[in-house]
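# When you get a sec, could you give me coordinates for this:
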Amino acid sequence: MTRNRQGAFTLSELIVSIAVLVGLVLLVSRLFNSVTAVTTLRQKRMDAESQIRPLFGRMAVDFAQMIKRPDVDYFLKAPGNTQSGNDQIGFFGVVPGYYPSTGSRSPVSVVAYRINSIAASPNFRKLERMAKGLLWNGVSGGQAPILFAPIPLASPSSLPTAPATPTPAFPTAGNSDPDSDYELIGPYVFRFEYYYVLRNGLLSAQPWDDSMGHTSVNGLQDASAIAVCIAIIDPKSRVLISNDQLATLTQRLIDFPDSSPSTHPGDLLNRWQTDLDATTEVPRSVVSSVRIYERYFYLLPQS
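Modelled structure (predicted):
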């Protein structure tokens, strides 16, 4: 009588097979998690940079078309107008803006940048840009025309000939009040800082060169460029933190200059990165998603 022999795996072979299968599954899952993390990080970076390119492009046009004349006022950061935290800047520029519905349009607008600080606003803690199109002088008594010296742009004024108690022509170019001509330009930009590159090569928190004996009367004559530093958080990370936590991140990023300012380009960004790395009040995953950028915008010679 012949017995039929049936092939089968032994218990040890099954255990080895299961162990190999488990190892492969773990390897594939780790690889998948790594690919997902890299893809997510890259997507966050792309989301941030998708805002940076058009924002810096718009700033480049605005600063290049800034009207630089000794009789034209600016709202600038300077010793008489120190700005703690987020900065604000306002100036006249030859760029289109939002014009009144009637009147003869001029090529000049009031341009301003600020981080919205109105808690009730949908743009709270976001970067806004104002472009208020102006009419030619004398066209209409009810609409704001082009206004140069001795009427200041905003308060405080940099004009030496302005009245002792000036009434600014466009106060919202230098404060946080609502203005319909402000539009959202950086939805995830929460920190805005700028300083000046002087013609002698030094970096400064004031736009004039003391070594030349110059004062605010010179306006931007001594500045060859305005350096802008911004911090941006991607939309996916923004929803993970509160406004208070975002305020904490903002406070972490120091003003220019700090207690020991440097004249080397990029030092402010290095300090910002150091401050971010030391932040513990905000989830680490959120802090690591913050992107910081710096760019120089060179100015045309004063006319």
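# What residues does Asp277 make contact with?
Val287 (CB atoms under 8 Å, 6 or more residues apart in numbering). (Glycine included, C-beta is placed from N, CA and C.)
# And it, its phi and psi?
Phi and psi for Asp277, reported as degrees, to the nearest 10, are phi -60, psi -30.
# One more: the one 3 residues further on?
Backbone dihedrals for Thr280, given as degrees, to the nearest 10, come out at phi -120, psi -10.
# How many neighbouring residues does it have?
8 (other CB atoms under 10 Å).
# Give the helix, strand or coil label for Arg53.
Taking DSSP: H, G, I helix; E, B strand; the rest coil as the rule, one finds Arg53 in the helix state.
# tell me the pLDDT at it?
Here the pLDDT value assigned to Arg53 is 88.
# do you know how far it is from Ser155?
34 Å (CB to CB, to the nearest Å).
# More neighbours: those two, which one.
Shown here are Arg53 and Ser155; by other CB under 10 Å, Ser155 has more neighbours (16 against 9).
# mind listing what the more buried one touches?
Pro166, Pro168, Pro171, Gly174, Asn175.
# quick one: which of the residues you listed sit in helices?
Among those, no member falls in helices (DSSP state H).
# Next, the buried residues of stretch 103-116.
Residues of stretch 103-116 classed as buried by neighbour count (16 or more other CB atoms under 10 Å): Gly103, Arg105, Ser106, Val108, Ser109, Val110, Val111, Ala112, Tyr113, Arg114, Ile115, Asn116.
# circling back to that earlier point, out of the contacts of Ser155, which is nearest to Ile18?
Asn175 (70.1 Å; CB to CB).
# can the buried residues of stretch 103-116 go into CSV with extra columns for distance to Gln245 and pLDDT?
Below are the buried residues of stretch 103-116 laid out as CSV (distance: CB to CB, whole Å; pLDDT from 0 to 100):
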residue, distance to Gln245, pLDDT
Gly103, 46, 78
Arg105, 44, 87
Ser106, 44, 89
Val108, 41, 92
Ser109, 36, 94
Val110, 34, 94
Val111, 31, 96
Ala112, 27, 97
Tyr113, 24, 98
Arg114, 21, 97
Ile115, 16, 97
Asn116, 17, 95
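# so which of the residues you listed comes closest to Arg69?
Checking these one by one against Arg69 (CB to CB), the nearest turns out to be Val108, at 11.7 Å.
# if we can go back for a sec, buried subset of the contacts of Ser155?
Buried among the contacts of Ser155 by 16+ other CB under 10 Å: Pro166, Pro168, Pro171, Gly174, Asn175.
# with those in mind, which one is nearest to Asn81?
Gly174 (8.1 Å).
# what pLDDT does that closest one get?
Predicted confidence (pLDDT) for Gly174: 92.
# before we move on, back to that, any chance of the buried residues of stretch 103-116 in a markdown table, plus distance to Val16 and secondary structure?
Listed next are those as a markdown table, based on distance: CB to CB, whole Å; DSSP: H, G, I helix; E, B strand; the rest coil:
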| residue | distance to Val16 | secondary structure |
| --- | --- | --- |
| Gly103 | 87 | coil |
| Arg105 | 82 | strand |
| Ser106 | 84 | strand |
| Val108 | 81 | strand |
| Ser109 | 76 | strand |
| Val110 | 77 | strand |
| Val111 | 72 | strand |
| Ala112 | 72 | strand |
| Tyr113 | 66 | strand |
| Arg114 | 67 | strand |
| Ile115 | 62 | strand |
| Asn116 | 64 | coil |
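# what's the pLDDT at the nearest residue to Leu300 once chain neighbours are set aside?
With sequence-adjacent residues excluded and distances taken as CB to CB, 6 or more residues apart in numbering, Leu300 is closest to Ala64, at 6.3 Å. pLDDT recorded at Ala64 is 93.
# same check, this time on Met59
96.
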